[in-house]
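Engineer: Have a look at this fold, sequence not included:
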């Protein structure tokens, strides 16, 4: 099994464990064009070889991206 498959397998196991805390849990694929913040978070984490614990707050780069996306989505 290549490294990418090993890495994604760990995330899948984490999600499966977390989902046991809920009566109903849906996982839905969203392309990066529809989920820019999550994609940015993932790519930034891979680039910096870091992981973030969101219980301590949202990383600054993600907050800045949310502001940019909101400005671009405002009606003219």
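Structural biologist: Okay, I see it. None of these values were measured; they are calculated from a predicted model.
Engineer: packing partners for the helix or strand hosting residue 39?
Structural biologist: Element membership for residue 39, per DSSP states H and E: helix 36-48. Using 3 or more C-beta pairs under 8 Å, 6 or more residues apart in numbering; DSSP states H and E, the elements in contact with helix 36-48 are helix 60-73. Any C-beta I mention is one placed from the backbone N, CA and C, and that applies to glycine too.
Engineer: Just the angle for the helix it packs on relative to helix 36-48, thanks.
Structural biologist: 150 degrees (axes from the mean of the first three to the mean of the last three C-alpha atoms, to 10 degrees).
Engineer: Can you name every helix or strand that helix 60-73 contacts?
Structural biologist: Helix 60-73 packs on helix 36-48, going by 3+ C-beta pairs under 8 Å, 6+ apart.
Engineer: quick one: the helix it packs on to chain centroid distance?
Structural biologist: 7 Å (C-alpha atoms, centre = their mean, to the nearest Å).
Engineer: just stretch 65-76 next, same as before
Structural biologist: Once both centres are worked out by C-alpha atoms, centre = their mean, stretch 65-76 turns out to sit 19 Å from its chain's centre.
Engineer: So which bits of that stretch are buried?
Structural biologist: Buried residues in stretch 65-76, counted by 16 or more other C-beta atoms under 10 Å: residue 65.
Engineer: Which residues outside that stretch are in contact with it?
Structural biologist: 36-37, 40 (C-beta atoms under 8 Å, 6 or more residues apart in numbering).
Engineer: who wins for most neighbours among those?
Structural biologist: Neighbour counts for these (other C-beta atoms under 10 Å) peak at residue 40, which has 18 neighbours.
Engineer: Tell me the spacing between that one and residue 26.
Structural biologist: As judged by C-beta to C-beta, to the nearest Å, residue 40 and residue 26 stand 23 Å apart.
Engineer: Please apply the same query to residue 37.
Structural biologist: Distance check for residue 37 against residue 26: by C-beta to C-beta, it reads 19 Å.
Engineer: can you check residue 69 too?
Structural biologist: Distance of residue 69 to residue 26, computed by C-beta to C-beta: 24 Å.
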